[in-house]
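Participant: how would this look folded up:
(chains A and B)
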Amino acid sequence: GAVVSQHPSRVICKSGTSVKIECRSLDFQATTMFWYRQFPKQSLMLMATSNEGSKATYEQGVEKDKFLINHASLTLSTLTVTSAHPEDSSFYICSAIPFGGAGTDTQYFGPGTRLTVL
Amino acid sequence: GNSVTQMEGPVTLSEEAFLTINCTYTATGYPSLFWYVQYPGEGLQLLLKATKADDKGSNKGFEATYRKETTSFHLEKGSVQVSDSAVYFCALSPYSSASKIIFGSGTRLSIRP
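Facilitator: All right, here's what the predicted structure looks like:
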């Protein structure tokens, strides 16, 4: 149980286009999801906290107009990278916390999405 | 501020060898400490955790002890297997894993048969 999926797993796009990444909790509901970014051989860095039905909370230095987050349901959060540029190329990972019941103090992670901007 | 430093990899060991991956942290207050593992092609999984000083987290033969005096949370396993090959992340959270997590840079472990 407690599986989180991400789609797509890999995406290549041209500079200036927008890319949407989906994060789904497959067998549980999640009021809170997190979006992380990982550069090669570096730590995962938290970008934002996504709460169902409200605006996301962004970490310092993360452009909210650049990285649009929508958490419209208890099983889906989306990250849209707008007007992508090569420096946005990275590995994006989401995590989700189950709503209520057991395991509500544990984050479950998706497998990540590799974004390459040409 | 809060930060995590872990030994750089890659680490390559033979099967049945003893494993230590060092991790030290800087934090205000009393954070919870975690080890996450990422197997090839999969998402991060919580391997073990400790929420207060002197606690020992353990799972799948891995252990780590929360040492406040040395601000360390080193990961150990007495006899590694090929299936342990993965990337291991040390991490901390000011409260619990339900809140913001700060990760180390990860250590890639490869086990030779």
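Participant: any idea which residue sits dead centre in chain B?
Facilitator: B:W35 (3.2 Å; Cα atoms, centre = their mean).
Participant: pLDDT score for residue 50?
Facilitator: Assuming you mean chain A. Here the pLDDT value assigned to A:S50 is 89.
Participant: that's the wrong chain, I wanted chain B
Facilitator: pLDDT recorded at B:A50 is 93.
Participant: and it, bridged to which residues?
Facilitator: For B:A50, the beta-bridge partners are B:L33 (DSSP bridges).
Participant: Tell me the spacing between it and A:R37.
Facilitator: 27 Å (Cβ to Cβ, to the nearest Å). Where C-beta positions appear, they are placed from N, C-alpha and C, glycine not excepted.
Participant: Up against chain B, what does chain A have?
Facilitator: A:4, A:32, A:34, A:41-46, A:49, A:93, A:95, A:97, A:104-112 (Cβ under 8 Å from any Cβ of the partner chain).
Participant: Which of those fall in strands?
Facilitator: The strands, defined by DSSP state E, take in A:V4, A:T32, A:F34, A:L44, A:M45, A:L46, A:T49, A:I93, A:S95, A:I97, A:Y108, A:F109 from the residues of chain A next to chain B.
Participant: Now that we have those, can you turn them into a markdown table and tack on neighbour count?
Facilitator: Below are these laid out as a markdown table (neighbours: other Cβ atoms under 10 Å in any protein chain shown):
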| residue | neighbour count |
| --- | --- |
| A:V4 | 25 |
| A:T32 | 19 |
| A:F34 | 25 |
| A:L44 | 27 |
| A:M45 | 17 |
| A:L46 | 19 |
| A:T49 | 18 |
| A:I93 | 25 |
| A:S95 | 25 |
| A:I97 | 23 |
| A:Y108 | 25 |
| A:F109 | 24 |
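Participant: and which of these is nearest B:N22?
Facilitator: Comparing those against B:N22 with Cβ to Cβ places A:L44 closest, at 19.0 Å.
Participant: residue ranges of the strands in chain B, please?
Facilitator: B:3-6, B:11-14, B:19-21, B:23-26, B:32-38, B:45-50, B:56-59, B:62-65, B:75-77, B:86-93, B:102-103, B:107-112.
Participant: quick check, distance from the first one to the centre of its chain.
Facilitator: Its chain's C-alpha centre lies 10 Å from the corresponding centre of strand B:3-6 when counted by Cα atoms, centre = their mean, to the nearest Å.
Participant: before we move on, what about stretch A:18-28?
Facilitator: Taking Cα atoms, centre = their mean, one finds stretch A:18-28 lying 7 Å from the centre of the chain it belongs to.
Participant: quick one: buried residues of that stretch?
Facilitator: Using 16 or more other Cβ atoms under 10 Å in any protein chain shown as the burial criterion, the residues of stretch A:18-28 that qualify are A:V19, A:I21, A:C23, A:R24, A:S25, A:F28.
Participant: Kindly report the same for stretch A:70-78.
Facilitator: Buried residues in stretch A:70-78, counting neighbours by 16+ other Cβ under 10 Å, are found at A:H71, A:L74, A:T75, A:L76, A:S77, A:T78.
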